[in-house]
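**Student:** Structure, please.
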Amino acid sequence: MSKKISERVKLKRAYETPVTDDGIRVLVDRLWPRGVKKTEAAIDHWMKELAPSTELRKWFGHDPARWDEFRKRYAAEIHENRDELDRLRGLIADGTVTLVYSAHDETHNDAVVLREILLSDLPPN
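**Tutor:** Below is the predicted model of the structure:
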């Protein structure tokens, strides 16, 4: 029996140790995480195109007061990159995918928004 889609799309900070259950690890930040060695990160794909634009990232500044507006603006940017979004959906169709991000705030970050969009766009299984 296959896992539900929501169980196949995971989130994990880049500073956490990779494990086999992560499946395909996709870095979804525009910048490489500070202090993380590429050899130890176990990143399978780096989808910079799906990361927030530099302008949006700087405007947001991880300020929870700007979270709702960030989500709207970032969702618009994501949908402008349909090819990369479809590529990511293809990876999810094949199995577990972990969206890797570097933000300290585990609730207010780009990976959370991307996961929400992926789960809302995909069929329930």
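**Student:** CA atoms for contacts and neighbours, from now on please.
**Tutor:** OK.
**Student:** wait, what's in contact with the residue nearest in space to the middle of the chain?
**Tutor:** Nearest residue to the geometric centre of the chain (C-alpha atoms, centre = their mean): residue 111, 3.4 Å. In this structure, residue 111 makes contact with 11, 28, 99-101, judged by C-alpha atoms under 8 Å, 6 or more residues apart in numbering.
**Student:** Need the max-distance pair from the residues you listed.
**Tutor:** Greatest spatial distance among the contacts of residue 111 (C-alpha to C-alpha): 11 and 28, at 10.2 Å.
**Student:** which neighbours do the two share?
**Tutor:** Counting by C-alpha under 8 Å, 6+ apart, the residues touching both residue 11 and residue 28 are 99-101, 111.
**Student:** coming back round to it: between residue 11 and residue 28, which one's more packed in?
**Tutor:** residue 28 (23 against 19; other C-alpha atoms under 10 Å).
**Student:** Just the pLDDT for that one.
**Tutor:** Note on residue 28: pLDDT of 97.
**Student:** what's the answer for residue 5, then?
**Tutor:** Value for residue 5, per-residue pLDDT: 70.
**Student:** same check, this time on residue 122
**Tutor:** With respect to pLDDT, residue 122 scores 53.
**Student:** State the distance from the residue nearest to the centre of the chain to residue 101.
**Tutor:** Computed as C-alpha to C-alpha, to the nearest Å, the residue 111 to residue 101 distance reads 6 Å.
**Student:** swap in residue 92?
**Tutor:** 17 Å.
**Student:** between the two, who's got more neighbours?
**Tutor:** Counted by other C-alpha under 10 Å, residue 92 and residue 101 do not tie: residue 101 has more neighbours, with 25 against 19.
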